[in-house]
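Colleague: after the sequence you'll find the predicted model.
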Amino acid sequence: MNEIKGKDIKTETNMEIMEPQKITDDKPIRGFIFTCSNKTESECFERLLFGTDRIYGPVVIRIRKDDLLFLVNIDINTLYGVFKAVSDGGFKIVPEAWKGRYPYQVRIKILGKIVKIPYADKILKKFEIKRNTPLYGKKLLDFLNLFIPNTTLLNNSNIRDNETVRLILEEKEKIKRYINKRDIEDEIPLIESTTFWDFPRQNYGLTPKGNNKYPGVTPALIIYNMVWRYTDPGDLVVDPMAGSGTTLDVCREEKRRCVCYDIAPTRPDVIQNDARNIPLEDNSVDMIFIDSPYGDNIRYNDHPDCIGKISAEDERFYDELEKVMKECYRILKPGKVLGWLIGDQWVKKRFTPVGFKIYERLCKYFEPVDIICVARRGQASHTDVWHNRARRFNFFLRGFKYLIIVRKPTKEKREQKPRKINWIYYERKKKYKPKEG
Ligand SMILES: C[S@@+](CC[C@H](N)C(=O)[O-])C[C@H]1O[C@@H](n2cnc3c(N)ncnc32)[C@H](O)[C@@H]1O
């Protein structure tokens, strides 16, 4: 193992003065892995800053001051340790670092001297470490042992001499104190990569998001994905039909500002308001998420202005929701995104393509970005009796919803001209041979 002297490493002189940090003693210490390359490594140490891009943004914003950090240089397949977070993870702590390419950052200090361990890939594999899964408890203790040469462990006087080992052992003692305490997210969800989303639970993480007993509550990971794809920490998110406040709770956890309204609020931090008239300025919002009523299939409340009292078979339903769309258009900043969750209806032998009808109205104002198919889980109708009825009487139970993603155009909405695409046609592995005869 090679050692680099911590004191040889330059600290940044123009560091902004940090806010006094809360004592996070009551929280377990976790371990997080960062990566760098030969190109980016020196900046990590010169600035005493680790950084990453949006993919691991959700991981970085969960890092607390005093968590332990490790760095893998992927070009030379080497693991460096041990580092300690001296700030919480944040966004653009040093905006100009790595020319802005890795804006999710944390300030670090080195515990004694840096220990370099080769074959990082094998170690990460052995410990089954994923970058979106914090190390904690026994696994973190075992991982730290990698950075303590065995010989020094055997000899107490050596331990006293070796500052690095002493500091690591101190950390191990702190970790042991919390070994049975649960404040650990096993896996921090990665952003979805396809247009099919299927979330087994309404919630994610350690704290509830919205109220899963609320009729028509939104799966929190839908909002999580919208927030991480289309906003930065600190941006303003609005939900004009917020129900039990899932959007509010997701935004708090993901460090976005959020304003939530509902015609009949169920909690004090959701403001009473009709979505057809939103009390916000023009061009002031960074993202809007709406899970509107899908018709009159759910009785949300008794408020006379609840749009959920109008049938989806009645054109008035779309007219009223179009007023909401117009308001969303007005308050969104140009170039920013609206996500609208909606499902179709089949009732008493009649199908209504609610999703397509909403999409059509949205396209009067917005440019399409994409459409996500969200699996419907936990539906009251998903029982054996209903599945059998659907087969016997030849209809389908609703298996998915649409998440329609649209953007407020930056200039006048323009017709898109046809483009010439140079497709790459991939060869299939086995050549297709038509059967003879
Ligand atoms: C599907 S729920 C929203 C669920 C919410 N996202 C959650 O996770 O709890 C639809 C909501 O629209 C609200 N709503 C209906 N008409 C409204 C209106 N005119 N203005 C504002 N909210 C309205 C209902 O009260 C209901 O809470």
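Modeller: On my side now, so go ahead.
Colleague: leaving out the residues flanking it, which one is nearest to the closest residue to the ligand within the chain?
Modeller: Across the chain, the shortest distance to the ligand (CB to the nearest ligand atom) belongs to G243, at 2.8 Å. C-beta coordinates here come from the backbone N, C-alpha and C atoms, glycine included. Spatially, and ignoring its direct neighbours in sequence, G243 is nearest to Y214 (5.5 Å; CB to CB, 6 or more residues apart in numbering).
Colleague: so what pLDDT did that neighbour get?
Modeller: Predicted confidence (pLDDT) at Y214: the value is 95.
Colleague: right, and it touches A242 too?
Modeller: No - the criterion here is CB atoms under 8 Å, and Y214 misses it with A242 at 10.3 Å.
Colleague: so for the two, which residue has more residues nearby?
Modeller: A242 (29 against 16; other CB atoms under 10 Å).
Colleague: next, that one: phi, psi?
Modeller: Dihedral pair for A242: phi -90, psi -10, per degrees, to the nearest 10.
Colleague: list the contacts for it?
Modeller: Counting by CB atoms under 8 Å, 6 or more residues apart in numbering, A242 touches L248, C260, Y261, D262, P265, V270.
Colleague: and those as TSV, adding neighbour count, secondary structure and pLDDT?
Modeller: Output for the contacts of A242, formatted as TSV (neighbours: other CB atoms under 10 Å; DSSP: H, G, I helix; E, B strand; the rest coil; pLDDT from 0 to 100):
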residue	neighbour count	secondary structure	pLDDT
L248	22	helix	98
C260	25	strand	98
Y261	20	strand	98
D262	24	strand	98
P265	18	coil	97
V270	20	coil	98
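Colleague: just put the residues you listed in JSON lines and tack on distance to E41.
Modeller: Formatted as JSON lines, the contacts of A242 follow (distance: CB to CB, whole Å):
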{"residue": "L248", "distance to E41": "40"}
{"residue": "C260", "distance to E41": "43"}
{"residue": "Y261", "distance to E41": "48"}
{"residue": "D262", "distance to E41": "50"}
{"residue": "P265", "distance to E41": "51"}
{"residue": "V270", "distance to E41": "47"}
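Colleague: intersect the residues you listed with the contacts of the ligand.
Modeller: By CB under 6 Å from any ligand atom, the members of those lying near the ligand are Y261, D262.
Colleague: burial count for Y359?
Modeller: Y359: 18 neighbours (other CB under 10 Å).
Colleague: I'd say it and I404 touch.
Modeller: Yes - applying CB under 8 Å, one finds Y359 in contact with I404, separated by 5.4 Å.
Colleague: pull up the overlap in contacts between these two.
Modeller: Joint contacts of Y359 and I404 (CB under 8 Å, 6+ apart) are P368, I371.
Colleague: N277: neighbour count?
Modeller: So N277, with other CB under 10 Å, has 11 neighbours.
Colleague: tell me the contacts of it?
Modeller: Taking CB under 8 Å, 6+ apart as the definition, contacts of N277 comprise E327.
Colleague: show me where the stretch 51-200 of the chain has its strands.
Modeller: For the stretch 51-200 of the chain, applying DSSP state E, counting those that start in this stretch gives strands covering 68-73, 78-85, 90-91, 104-118, 196-197.
Colleague: relative to strand 104-118, how tilted is the second one?
Modeller: Using axes from the mean of the first three to the mean of the last three CA atoms, to 10 degrees, the direction of strand 78-85 lies 140 degrees away from that of strand 104-118.
Colleague: got the domain boundaries for the protein?
Modeller: Per automatic domain parsing, the structural domains of the chain span 2-177, 196-407.
Colleague: dump those domains into CSV; add distance to K417 as well.
Modeller: Formatted as CSV, the domains of the chain follow (distance: least, CB to CB, whole Å):
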stretch, distance to K417
domain 2-177, 30
domain 196-407, 14
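Colleague: lowest average confidence across those domains, which one?
Modeller: The minimum mean pLDDT among the domains of the chain belongs to domain 2-177 (a mean of 84).
Colleague: distance from the chain centre to that one, please.
Modeller: In terms of CA atoms, centre = their mean, to the nearest Å, the centre of domain 2-177 is set 22 Å apart from its chain centre.
Colleague: can you check stretch 187-203 too?
Modeller: Distance, stretch centre to chain centre, for stretch 187-203: 9 Å (CA atoms, centre = their mean).
Colleague: right, is it up against the ligand?
Modeller: No - using CB under 6 Å from any ligand atom, stretch 187-203 stays clear of the ligand, coming no nearer than 8.3 Å.
Colleague: pull out the buried residues from that stretch.
Modeller: Burial within stretch 187-203, assessed by neighbour count using 16 or more other CB atoms under 10 Å, is assigned to I188, P189, I191, E192, W197, F199, Q202, N203.
Colleague: and the stretch 301-437 of the chain, which residues reach the ligand?
Modeller: N301, D305, C306, I307, G308.
Colleague: buried among the residues you listed? Need that as a selection in ChimeraX.
Modeller: The following ChimeraX line selects those of these that are buried, judged by 16+ other CB under 10 Å:
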select :301,306,307,308
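Colleague: out of the residues of the stretch 301-437 of the chain next to the ligand, list just those in strands.
Modeller: Among those, no residue falls in strands (DSSP state E).
Colleague: show me what from the stretch 151-300 of the chain comes close to the ligand.
Modeller: Counting by CB under 6 Å from any ligand atom, the stretch 151-300 of the chain sits next to the ligand at 210, 214, 216-218, 240-244, 246, 261-264, 274-276, 291-293, 300.
Colleague: show me those that map onto helices.
Modeller: If you go by DSSP state H, those have T246 in helices.
Colleague: just the buried ones from the residues of the stretch 151-300 of the chain next to the ligand, in PyMOL syntax?
Modeller: In PyMOL, this line selects whichever of those come out buried by 16+ other CB under 10 Å:
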select buried, resi 210+214+216+217+218+240+241+242+243+244+246+261+262+263+274+275+276+291+292+293+300
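Colleague: which residues of the protein fall in helices?
Modeller: 38-47, 57-60, 120-126, 137-145, 150-154, 156-161, 163-177, 220-230, 246-253, 315-331, 354-362, 384-392.
Colleague: residues in contact with the first one?
Modeller: If you take CB under 8 Å, 6+ apart as the criterion, helix 38-47 is touched by 9-10, 12, 34, 36, 49-51, 71, 73, 75-76, 94, 97-98, 102, 108.
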